[in-house]
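*Asks:* Dropping a prediction and its sequence here:
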There are 2 protein chains.
Amino acid sequence: MVDILHRIGVTSAPDDVYMALTTVDGLAHWWTQDTDGDSEVGGVIRFRFEPGGFDIKVLEARPAERVLWEVVDGPEEWIGTRIRFDLKREDGYTIVLFRHEGWKEPVEFMYHCSTKWATFLMSLKSLVETGKGEPAPHDVRISNWH
Amino acid sequence: MVDILHRIGVTSAPDDVYMALTTVDGLAHWWTQDTDGDSEVGGVIRFRFEPGGFDIKVLEARPAERVLWEVVDGPEEWIGTRIRFDLKREDGYTIVLFRHEGWKEPVEFMYHCSTKWATFLMSLKSLVETGKGEPAPHDVRISNWH
């Protein structure tokens, strides 16, 4: 099992980051505009991108502390993986420790997703700090795989 | 052992990416301006940042194909780790598969370095495509850890 790890610091309160991770409107403003579904614990959120997308079940949502998802549909490599956002306060920043865990193999798609996650987390940071993120289809293009 | 993985695509020839990975001048324009040393195979390159830096030995350099480094000095978590850039041509892009491997534990610093590597690889892409990267100290700030 191999994981994708990232860490960003947002100069805003944990509650603001939490809102961007736990509401359809928040998620649509940093990850992909084509987001809908039920963002409550037990619900499934549908994220769509030009080439496809992901259905993700919310396993846990602890205000200003942690959000945990499980991928229930999407590319084969993603199904069954978990995505976790742990929040904490440090030096006036809300630190987001991100982990996309449970990849079976470090396939080339995982390399791609790791870099894309970094750019989307920077989009999350930008959204919460300035009100403007870069969600798909206006996301940062990193390669031929988009 | 856990690894940091990334994938970017550069709209330039593999030779141009290779130059940016194997010359002090190239490296200084996307990773850190404070770079010196010997970038030939067997040589040691010194990379310095505001809070410290890394000494890296060049283990392998195959034109337009692969660059492999070993970290010989720097933060404890980095010493002995290896950094590898594999290049290939695909759809008119030079694909860079990046792997920073051999971390002993997925410590919080590794989360940070993963996101920083993504921003530095985007700096490499920008340098080769446009002539302008974002090397330290003008690098993208991602958190309280810089």
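*Replies:* That came through fine. Numbers count the residues shown, from 1 in each chain, chains lettered A, B, ... in the order given.
*Asks:* so A:A64 touches A:Y18, yeah?
*Replies:* Yes: using C-beta atoms under 8 Å, A:A64 makes contact with A:Y18 at a distance of 5.0 Å. (Each C-beta comes from the backbone N, C-alpha and C, glycine too.)
*Asks:* All the helices of chain A, in order from the start?
*Replies:* Taking DSSP state H as the test, the helices found in chain A are A:14-22, A:24-28, A:108-130.
*Asks:* Buried deepest among those helices, which one?
*Replies:* Comparing the helices of chain A by mean neighbour count (mean count of other C-beta atoms under 10 Å in any protein chain shown), helix A:108-130 ranks first with a mean of 21.
*Asks:* Against the centre of chain A, work out the most remote residue.
*Replies:* A:D91 (23.2 Å; C-alpha atoms, centre = their mean).
*Asks:* who's in contact with the nearest residue to that one once chain neighbours are set aside?
*Replies:* Counting by C-beta to C-beta, 6 or more residues apart in numbering or on different chains, B:N144 is the residue found nearest to A:D91 once chain neighbours are left out, at 4.2 Å. Contact analysis of B:N144 by C-beta atoms under 8 Å, 6 or more residues apart in numbering or on different chains lists A:G9, A:E90, A:D91, A:G92, A:Y93, A:I95.
*Asks:* quick one on the thing from earlier: pipe the helices of chain A into a markdown table and attach distance to chain B and mean pLDDT per row.
*Replies:* Formatted as a markdown table, the helices of chain A follow (distance: least, C-beta to the nearest C-beta, whole Å; pLDDT from 0 to 100):
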| stretch | distance to chain B | mean pLDDT |
| --- | --- | --- |
| helix A:14-22 | 12 | 98 |
| helix A:24-28 | 19 | 98 |
| helix A:108-130 | 3 | 98 |
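*Asks:* For A:L59, which of those is the nearest?
*Replies:* helix A:14-22 (12.3 Å; C-beta to C-beta).
*Asks:* Tell me what angle the closest one forms with helix A:108-130.
*Replies:* Counting by axes from the mean of the first three to the mean of the last three C-alpha atoms, to 10 degrees, helix A:14-22 lies at 140 degrees to helix A:108-130.
*Asks:* quick one on the thing from earlier: make JSON lines out of the helices of chain A and add distance to A:I56.
*Replies:* JSON lines is the format used below for the helices of chain A (distance: least, C-beta to C-beta, whole Å):
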{"stretch": "helix A:14-22", "distance to A:I56": "12"}
{"stretch": "helix A:24-28", "distance to A:I56": "10"}
{"stretch": "helix A:108-130", "distance to A:I56": "14"}
